[in-house]
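1. A structural model of the following input is requested.
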Amino acid sequence: LRLEDSKFIPLDDDLEAICKLLSTVGKDLEVNPQLKRNLDASFLRIKELSVNNALSSRIRFMLMDLLDLRAKAWEPRRQIQTAKKIEEIHAEAERERMEAEMSAYNMMRAPMSPAPQAGGRPSPYPGATDVPRSPSQPSSLSGRPSPVPDRKKPPGEMGPPAP
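-> So this is what the prediction gives:
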């Protein structure tokens, strides 16, 4: 990067190479005070270039990603996928197996909630049984007949006519 010439616009390939290089070794360069001063000057220029519309949007976003990477102490926002060693694969498989066993064990130990019986609801009172209410039983404690029609009469006959 030509730090002294702010009018000079580097080639896209050069900027891409700088982004790759700094994302790889930037954390190590921050440790040395002399290199950090040079890095600070370079990042001022990178910041200028990241908003320059003469560059392609791909390169500008690459520069912005590099600025974000440095701002977050060189910790990538996504974990880089690498090939796993055979030991890691075995350890992961063992961990998944143990989690599946624990899940199955916990499901077996969990209390089962009572399912309502056909035609009735579970009783809110402990120890009471679920018995569906028949149409001839009172609908409440007041002793009034239930509005449910008698099953022995045809559907049109609900009872005696109202006076």
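
2. list the buried residues in stretch 11-21.
-> Buried residues in stretch 11-21, counted by 16 or more other Cβ atoms under 10 Å: 15-16, 18-19. Every residue, glycine included, has its C-beta placed from N, CA and C.

3. and which of the residues you listed is nearest to S42?
-> In terms of Cβ to Cβ, no member of those lies closer to S42 than I18, at 8.1 Å.

4. ok, that closest one to L44 distance?
-> The gap separating I18 from L44 is 14 Å, by Cβ to Cβ, to the nearest Å.

5. does L69 touch K20 like I think?
-> No. Using Cβ atoms under 8 Å, L69 is not in contact with K20; the gap is 11.5 Å.

6. longest helix anywhere in this structure?
-> helix 86-109 (DSSP state H).

7. contacts for it?
-> K84 (Cβ atoms under 8 Å, 6 or more residues apart in numbering).

8. repeat that for stretch 10-25.
-> Residues contacting stretch 10-25 (Cβ under 8 Å, 6+ apart): 1-2, 29, 39, 42, 46, 49, 55-56, 58-59, 62-63, 65-66, 69-70.

9. show me those residues that map onto helices.
-> Per DSSP H, the subset of the contacts of stretch 10-25 in helices is 29, 39, 42, 46, 49, 58-59, 62-63, 65-66, 69-70.
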